[in-house]
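1. Okay, structure incoming, though there's no sequence with it:
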């Protein structure tokens, strides 16, 4: 039986895809997009973290948000699993931005390097 025809749909539901056409612009997603936009527009912070329950739309929201940023001005670094210590997350951010970080860098050193590079 062809389930797509049976249910009169054009794409398989519940597939692990995060394409813009599947984005549901709920009140919560609009708030997340507004908060992220505020951080970028105000340039008051250099990092943002989008968190939430499994399946709530974090990846989709990130993709929708990132698609509106100028890639020559902004870098989006993402981790699908955030169960890393903070210093390891920062090391991942630095690596994604092609920045060098000493293996045993302290939090002070991490923030000093980030501030210098991002200002």
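-> Now that the structure is in, tell me what you want to look at. This is a predicted model, so every value here is computed, not measured.

2. Check which helices and strands the helix or strand of the chain with the lowest mean pLDDT sits against.
-> The weakest-scoring helix or strand in the chain, judged by mean pLDDT, DSSP states H and E, is helix 107-118 (a mean of 79). Packing partners of helix 107-118 (3 or more C-beta pairs under 8 Å, 6 or more residues apart in numbering; DSSP states H and E): helix 86-96. Just so you know, the C-beta spots here come from the backbone N, C-alpha and C atoms, and that holds for glycine as well.

3. Quick check: mean pLDDT of the helix it packs on?
-> Averaged over helix 86-96, pLDDT sits at 82.

4. got the angle for the least confident helix or strand of the chain vs helix 86-96?
-> Counting by axes from the mean of the first three to the mean of the last three C-alpha atoms, to 10 degrees, helix 107-118 lies at 30 degrees to helix 86-96.

5. Can you name the residues in contact with helix 107-118?
-> Applying C-beta atoms under 8 Å, 6 or more residues apart in numbering, the contact partners of helix 107-118 are 46-47, 86-87, 90, 94, 97, 99, 101-102, 105.

6. Please repeat the previous calculation with a cut-off of 10 Å.
-> Helix 107-118 is touched from outside by 43, 45-47, 75, 86-87, 90-91, 93-94, 97, 99-102, 105-106, with contacts defined as C-beta atoms under 10 Å, 6 or more residues apart in numbering.

7. Can you give me the buried ones in it?
-> 110, 113-114 (16 or more other C-beta atoms under 10 Å).

8. which residues sit against the top helix by length along the chain?
-> When the chain is parsed with DSSP state H, its longest helix is helix 27-42. For helix 27-42, the surrounding residues in contact (C-beta under 10 Å, 6+ apart) are 23, 25-26, 44-48, 50-52, 56-58, 60-62, 64-66, 68-69, 73-74, 76.
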